[in-house]
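> generate a structure from the sequence data that follows.
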Amino acid sequence: MQPCILCGAFSRDGVWCKACDADLPRLNNARCPVCGLPSINGDICGRCLKHPPSFSATSAAFAYAFPIDKLIQAVKFSDHLALVDKLADALLPQIISRPDLIIAMPLHPSRLRERGFNQSHLLAQRLAKSLDISLLTDACARTRNTSPQSLLPWQERGKNMRGAFTCSSDLSGEHIAIVDDVMTTGTSIEELARTLRQAGATRISAWVLARTLPH
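Numbering: from 1, shown residues only. Have a look, this model is predicted:
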């Protein structure tokens, strides 16, 4: 038994208890299968029909809302790495198609040195092990130390990420899953997906812990 990280009660179920688990903001409503945002009857939304992104599907476990936002921030900024496996396991039921390879959203080397770890890579390691799928660790790199997307207005995020990634592997014909912690506008995943397509990937899925929803 250990104290639940959310309510403090003793838990036999890991880092948070069953009662708190039941209250987490899971995404159970109808959503666009491409971008993961709410849509009528779960159909592809008008925006994705009009401007198809470079990725073709999004799997997300939660809405980026309390307390999931605080748990993800606790991993990234307070080194609560014991949360990683539990969070990654919550994403597994949302994954409906099996890719050939998994790639974690890269951090710039200077950001990696500052933080000491890449939370997306830790999530990807857990998912790769659980699904028995190879994780590519050196295929892609972030070559520009971009400003954090969360600090920028939405309309500036695409420009901020342009040309931020390189890919050194031949991914011809491969279905790649990109793992990241949060998708807000989707511009980071879009830019990485575009880079992967240039490397030959034919299908790209986005796997994220949490999706930011419109207010």
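> could you point out which element follows the helix or strand of the chain with the lowest mean pLDDT?
Lowest on mean pLDDT, DSSP states H and E among the helices and strands of the chain sits helix 154-161, with a mean of 57. Next helix or strand after helix 154-161 toward the C-terminus (DSSP states H and E): strand 165-167.
> now residue 43, nearest residue through space, not along the chain?
Taking C-beta to C-beta, 6 or more residues apart in numbering, and ignoring the residues beside it in sequence, residue 43 has residue 32 as its nearest neighbour in space, at 7.2 Å. The way it works is simple: take the backbone N, C-alpha and C, and place the C-beta from them, glycine included.
> my read is that the one you found contacts residue 39, right?
Yes - counting by C-beta atoms under 8 Å, residue 32 does reach residue 39; the two are 4.1 Å apart.
> which neighbours do these two share?
residue 45 (C-beta atoms under 8 Å, 6 or more residues apart in numbering).
> chain center to stretch 200-213: distance?
With C-alpha atoms, centre = their mean, to the nearest Å as the basis, stretch 200-213 stands 7 Å off its chain's centre.
> should've said stretch 87-98
On C-alpha atoms, centre = their mean, the centre of stretch 87-98 falls 11 Å from the chain's centre.
> the residue nearest to residue 43: how many residues sit nearby?
20 (other C-beta atoms under 10 Å).
> now the one 3 residues further on
As a burial measure, the neighbour count of residue 35 was computed by other C-beta under 10 Å and equals 24.
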